[in-house]
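**Student:** next one to model:
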Amino acid sequence: MAGHSKWANIQHRKGRQDKLRSKLFSKLAKEITVAAKMGDPDPDKNPRLRMAVKEAKSVSVPKDVIDRAIKKAIGGDAENYDEIRYEGYGPNGVAVIVECMTDNRNRTASTVRSTFSKNGGNLGETGSVGFMFDRKGAITYPGTVGDADTVMMAAIEAGAEDVESADEGHVITCEGSDLHEVSTALETELGESDSTKLIWQPNIQTELDLEGMEKLMKLVDALEDDDDVQTVTTNFEASDEVMEQLGE
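**Tutor:** So this is what the prediction gives:
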C-alpha cells in the first residue's frame, strides 16, 4: 500500500503541475493575442508582442501555440478583453496587485473579491496599495553571458538602474517606461535575454512569519487559479526566522 500511496502522490503532484503549466500557457497565449490585436502582428515592430513572445518562449510554450495566438488576432476572431488591475490586502496586511484580462468585468470583479474574502484578505479601491510598488522593467540573462562586472557595465551603458547577479543568472531592472530602449541596448552587448517584462517592484515590504506566508500563498494560488488573472504580485518579505527555517 505504501508504494501505491507514493505513486498516487506523485501522480497528484504531476497532475497539479500539468494543470498549472496548461494555465500558464493559456495566459501567455492570451497576452500574445491581445498584444498582436492592439498593434502590429510582427513582433519586431510591436514591443509588447515581442516581450510576450519572449516570455512564452522562456517557459517553453510551443511555437505552434505562439503562432496560433498571433493568427487568432490577425483573423479577427479574437475575443475583446479588458485589462483591469485590482488592488487589495492579503493576510497580515500584505499588499496585493492582481492584473487581469477579461471579457466579463462583472464576473472577474465578483470572483476576485470573493477569493480575497475567502482567504483572509480584502479587495480595496484602485490606488489603495499601488503606492507601495514601482513599475519597473526586468530583464534576465543566464549566468553564462558574463560575470557580474561585465553585466553591470553593460547595464550602466544601456541606462538600467540596478543589477542582481547570482550563479544562475542576472536580473537587470530599469524604469518601466525605458524597458524597450534598455533591453534593445542590452541585446547589442549581451545578446538576446531570457526574459523581458514589466513588473511591480515593492518599495515598502511587509514581513511575514511562516504561518503568515502559508496563508498568503493560499490566497495567491487561489487568485492565480482564475483564468482571468494574468499576474499576482505581493510586497511580502520573509522574516529572518523564516529564512532560517527554509535553510537560507
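**Student:** point out where the chain drops to low pLDDT.
**Tutor:** 1-19, 77-78, 245-248 (pLDDT under 70).
**Student:** show me where it has its helices.
**Tutor:** With DSSP state H as the criterion, the chain has helices at 2-38, 47-58, 63-74, 105-118, 148-158, 179-190, 210-224, 240-245.
**Student:** how far does the third one sit from its chain's centre?
**Tutor:** Using CA atoms, centre = their mean, to the nearest Å, the mean C-alpha position of helix 63-74 is found 21 Å from that of the whole chain.
**Student:** quick one: list the elements packing against it.
**Tutor:** helix 2-38, helix 47-58 (3 or more CB pairs under 8 Å, 6 or more residues apart in numbering; DSSP states H and E). Placement of C-beta: from N, CA and C, glycine included.
**Student:** so what's Ile97 closest to, chain neighbours aside?
**Tutor:** Thr233 (4.6 Å; CB to CB, 6 or more residues apart in numbering).
**Student:** neighbours of the one you found, how many?
**Tutor:** If you count neighbours by other CB atoms under 10 Å, Thr233 ends up with 16.
**Student:** work out which residue lies at the spatial centre of this protein.
**Tutor:** Thr231 (5.0 Å; CA atoms, centre = their mean).
**Student:** distance of that residue relative to Leu24?
**Tutor:** Applying CB to CB, to the nearest Å, the value for Thr231 to Leu24 is 11 Å.
**Student:** got it, and Gly159?
**Tutor:** 31 Å.
**Student:** do Val229 as well
**Tutor:** 11 Å.
**Student:** out of the two, which sits in the busier spot?
**Tutor:** Val229 (23 against 14).
**Student:** hey, what's the more buried one bridged with?
**Tutor:** Following DSSP bridges, Val229 is listed with bridge partners Cys100.
**Student:** got the buried residues for stretch 42-58?
**Tutor:** 43, 46-57 (16 or more other CB atoms under 10 Å).
**Student:** which member of these is positioned nearest Gly121?
**Tutor:** Using CB to CB, Glu55 comes nearest to Gly121 of the buried residues of stretch 42-58, at 27.0 Å.
**Student:** in stretch 145-155, what's buried?
**Tutor:** Buried residues in stretch 145-155 (16+ other CB under 10 Å): 145-146, 151-152, 154-155.
**Student:** stretch 72-90 now?
**Tutor:** 72-73, 78, 81, 84, 86-90.
**Student:** stretch 176-188 now?
**Tutor:** By neighbour count on 16+ other CB under 10 Å, the buried set for stretch 176-188 is 178-179, 182-183, 185-186.
**Student:** ditto for stretch 204-222
**Tutor:** So for stretch 204-222, counting by 16+ other CB under 10 Å, buried means 206, 208, 212-213, 215-220, 222.
**Student:** not counting it itself, show me its contacts.
**Tutor:** 90-96, 115-116, 118-121, 132, 232, 234-239, 241-242, 245 (CB atoms under 8 Å, 6 or more residues apart in numbering).
**Student:** next, the angle helix 148-158 makes with the strand ranked longest in the chain.
**Tutor:** The strand that spans the most residues within the chain, counting by DSSP state E, is strand 133-142. Orientation check (axes from the mean of the first three to the mean of the last three CA atoms, to 10 degrees): strand 133-142 against helix 148-158 gives 130 degrees.
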